[in-house]
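Engineer: Have a look; sequence and predicted model below, questions after that.
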Amino acid sequence: MIGKTKIDISSILGIAVALVAIMGGQMLEGGHIGALIQFAAFVIVVGGTVGAVLLQSPVRTLISGIKMSKWVFYPPVKPYQILIRQLVSWSYLSKQEGFLVLEAHADTVTDPLIKKGLQLIADGSKPEKLREILEIEVGTEVSFQRQSAKIWEAAGGYAPTIGILGAVLGLIHVMENLSDPSLLGPGIAVAFVATIYGVGLANLLFLPVASKLKTVINEQLVMREALVDGLVAIANGENPREIESRLMSYFVDH
């Protein structure tokens, strides 16, 4: 269940600190920022990394992983209090008017898992069967999200190696033009900057994004597990206060 999002200041601050440290260090050493800007090196590293990840992962997974990257800066809010109130409210309703009343509420929710759960309860599904169906849904959803997040981890593995490949290509270019001193500088620059791009993108962007997405996915999994537990409890006809107390235990650290 995903609510409205707000910007993650720590992600913005992390990127800003990393860039300032690298650029500041370059200037303190007497270098200039322009030396780190090499379009050829960028094309080699980024293009090679994207190609390697695309070879490894289906296009659908790649696109999903790219879309999920927005969670690094705008992570989904965890509206667990709203979720618990809804589940407790449906529990009271089902006790007062029967499970069939939940069918009307299923038509008003947008979350596919909640909709399916309420419809199954209204149809009279057994609690154990309800849990089995919903857990399969959650497992499939989380599995795909984790596979999507792994594209960033894969990119973090490939980028440094492709950066070295770019360095070798730059050195080959240098060796081919030893007789022309004017071409030595650009070739050496591409060689070293390609390595910087590969290592920098891997450790300052790709791998941190992968770790952040894994954290967000795990937090969403807790929400889904609480939701399944609550829906099964409703199907079992448990006391609404007991349901609320148990669901709150999922979020004791919030």
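Structural biologist: Looks like it arrived, so ask away. Source: prediction; values computed, not measured.
Engineer: And the contacts of stretch 150-160?
Structural biologist: Around stretch 150-160, the neighbours that count as contacts under Cβ atoms under 8 Å, 6 or more residues apart in numbering are 45, 48-50, 52-53, 56-57, 61-62, 65-66, 69, 195, 197-199, 201-203, 206-207, 209-210, 213. Placement of C-beta: from N, CA and C, glycine included.
Engineer: Next: stretch 78-92.
Structural biologist: 1, 3, 102, 105, 114, 118, 219-220, 222-223, 226-227, 230-231, 233-234, 238, 240, 243-244, 247-248, 250-251, 254.
Engineer: average pLDDT for the particular helix or strand that has Val174 in it?
Structural biologist: Take DSSP states H and E as the rule and Val174 turns out to sit in helix 127-176. Helix 127-176 shows a mean pLDDT of 92 in the predicted model.
Engineer: Any quick PyMOL command for the buried ones out of the contacts of stretch 150-160?
Structural biologist: Buried residues within the contacts of stretch 150-160, by 16 or more other Cβ atoms under 10 Å, are selected in PyMOL with:
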select buried, resi 45+48+49+50+52+53+57+61+62+65+69+195+197+198+201+202+206+207+209+210+213
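Engineer: Run the chain-centre distance for the helix holding Val174.
Structural biologist: Averaging C-alpha positions (Cα atoms, centre = their mean, to the nearest Å) puts helix 127-176 11 Å from its chain's average.
Engineer: Return the distance of the helix or strand just after it from the chain's centre.
Structural biologist: Counting by DSSP H and E, the element after helix 127-176 in chain order, helix or strand, is helix 184-201. The gap between the average C-alpha position of helix 184-201 and the chain average comes to 29 Å, counting by Cα atoms, centre = their mean.
Engineer: Counting neighbours, which bits of helix 184-201 end up buried?
Structural biologist: 187, 189-198, 200-201.
Engineer: elements contacting that helix?
Structural biologist: The criterion is 3 or more Cβ pairs under 8 Å, 6 or more residues apart in numbering; DSSP states H and E, and the helices and strands that helix 184-201 contacts are helix 39-42, helix 127-176.
Engineer: switch to 10 Å and redo it
Structural biologist: Using 3 or more Cβ pairs under 10 Å, 6 or more residues apart in numbering; DSSP states H and E, the elements in contact with helix 184-201 are helix 9-28, helix 39-42, helix 48-56, helix 127-176.
Engineer: how about low-confidence regions in the stretch 1-150 of the chain?
Structural biologist: Low-confidence segments of the stretch 1-150 of the chain (pLDDT under 70): 1-5.
Engineer: so who does the closest residue to Ile133 other than its chain neighbours touch?
Structural biologist: Taking Cβ to Cβ, 6 or more residues apart in numbering as the measure, Ile133 lies nearest to Leu120, with 6.6 Å between them; neighbours along the chain are not counted. When the contact criterion is Cβ atoms under 10 Å, 6 or more residues apart in numbering, the partners of Leu120 are Phe99, Leu102, Ala106, Lys126, Lys129, Leu130, Ile133, Leu134, Leu231, Ala235.
Engineer: Could you do Leu62 as well?
Structural biologist: Residues counted as contacts of Leu62 (Cβ under 10 Å, 6+ apart) are Val50, Val53, Leu54, Gln56, Ser148, Ile151, Ala154.
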